[in-house]
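Novice: just a sequence and a predicted model for now, questions to come.
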Amino acid sequence: MTAYWCSRVHVTDADTYAKYAALAGPAIEKHGGVFLARGGNQVIFEGGNYERSVVVRFPSLEAAVECYNSPEYSEARRYTIGTSERHMVAVEGIEK
């Protein structure tokens, strides 16, 4: 069953966070992830001021978890420490 990463991000150090973005994309794609939304215009209805929202579709919840824990994504993730505040979840989609 398809799964999605949903992230809301407030970047506090854009230069260092850019290193995360450069590494994260290829790592996500390697694990079957497809970006559906990555930044762009948004309207915040509720919650804090997180200027970046990201939605990635994966073939399964297992693939999403494997990607998050992979060496490639872990390398990217180290550039988020101290450079951003992130809320991130992986959730299964609905079968139709």
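Specialist: All right, it came through fine.
Novice: contacting residues around residue 54?
Specialist: 5, 6, 7, 9, 35, 37, 38, 39 (CB atoms under 8 Å, 6 or more residues apart in numbering). C-beta: built from backbone N, CA, C; applies to glycine.
Novice: inside helices: which ones of these?
Specialist: Taking DSSP state H, every one of the contacts of residue 54 sits outside helices.
Novice: what's the closest of the residues you listed to residue 84?
Specialist: Using CB to CB, residue 9 comes nearest to residue 84 of those, at 5.4 Å.
Novice: in the sheet, who's paired with the closest one?
Specialist: residue 52, residue 86 (DSSP bridges).
Novice: quick check, pLDDT for it.
Specialist: Confidence at residue 9, expressed as pLDDT, is 94.
Novice: ok, residue 84 next?
Specialist: 95.
Novice: am I right that it is in contact with residue 11?
Specialist: Yes. With contacts counted by CB atoms under 8 Å, residue 84 reaches residue 11, the gap being 4.9 Å.
Novice: hmm, back to that, can you redo the contacts of residue 54 as JSON lines with distance to residue 47?
Specialist: As requested, the contacts of residue 54 are exported to JSON lines (distance: CB to CB, whole Å):
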{"residue": "5", "distance to residue 47": "17"}
{"residue": "6", "distance to residue 47": "12"}
{"residue": "7", "distance to residue 47": "13"}
{"residue": "9", "distance to residue 47": "12"}
{"residue": "35", "distance to residue 47": "21"}
{"residue": "37", "distance to residue 47": "16"}
{"residue": "38", "distance to residue 47": "19"}
{"residue": "39", "distance to residue 47": "17"}
